[in-house]
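Visitor: only the shape, not the letters, is given here:
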């Protein structure tokens, strides 16, 4: 059984992420969506919250699981026997960054391939950063993310803990 790892911070998961994931599901028998902790980012949601939101959003996909790591994604992939890393791209600048990352991962784990998947054109401009920006401006973000994420953002905007 082929295993792919689709890693990101997913803070929070967007329709752009889901676009890439739909493609990844068609390419691999099992996809692990991996919430990677990035010390250079200040997330809105905890790792546990992001994992929970992803599990809610992906519950209809029996060949998808969700996990998290504090280590390197390539090390996690090797640990679980994954043969593919999935990376989503939205633009040329994304592609340039992802190509460098793919090269680094190839040097660390030559047995694991990296596949770059573009988000569908209709959601290519949707990023977690842009989603949070629009949310902070008070915009309706329900078309940019799964319903569970929109609900948690609404709770946060109202001053509650999501």
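Guide: Here it is on my side, so go on. Every value quoted in this text rests on a predicted model; they were computed, and no experiment measured them. Numbers count the residues shown, from 1 in each chain.

Visitor: mind listing the strands for the protein?
Guide: Per DSSP state E, the chain carries strands over the ranges 3-8, 30-36, 64-69, 84-89, 113-118.

Visitor: by mean pLDDT, flag the weakest helix or strand of this structure.
Guide: helix 147-157 (a mean of 86; mean pLDDT, DSSP states H and E).

Visitor: what comes into contact with that helix?
Guide: 12-14, 44-45, 49, 53, 56-57, 135, 138, 141-142, 145, 161-162 (Cβ atoms under 8 Å, 6 or more residues apart in numbering). Yep, even glycine has a C-beta here, placed from its N, CA and C like the rest.

Visitor: select only the buried ones of the residues you listed in ChimeraX?
Guide: Remark: buried members of the contacts of helix 147-157, expressed as a ChimeraX selection using 16 or more other Cβ atoms under 10 Å:
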select :12,13,14,44,45,49,53,56,57,135,141,145,162
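
Visitor: what's the lowest-pLDDT member of the contacts of helix 147-157?
Guide: Across the set of the contacts of helix 147-157, residue 162 stands lowest in pLDDT, at 50.

Visitor: check which residues of the lengthiest helix in the chain are buried.
Guide: The longest helix of the chain (DSSP state H) is helix 92-108. Across helix 92-108, burial judged by 16+ other Cβ under 10 Å covers 94, 98, 101, 102, 105.

Visitor: shouldn't the second one be in contact with residue 116?
Guide: Yes - Residue 98 is in contact with residue 116 according to Cβ atoms under 8 Å; the separation is 5.4 Å.
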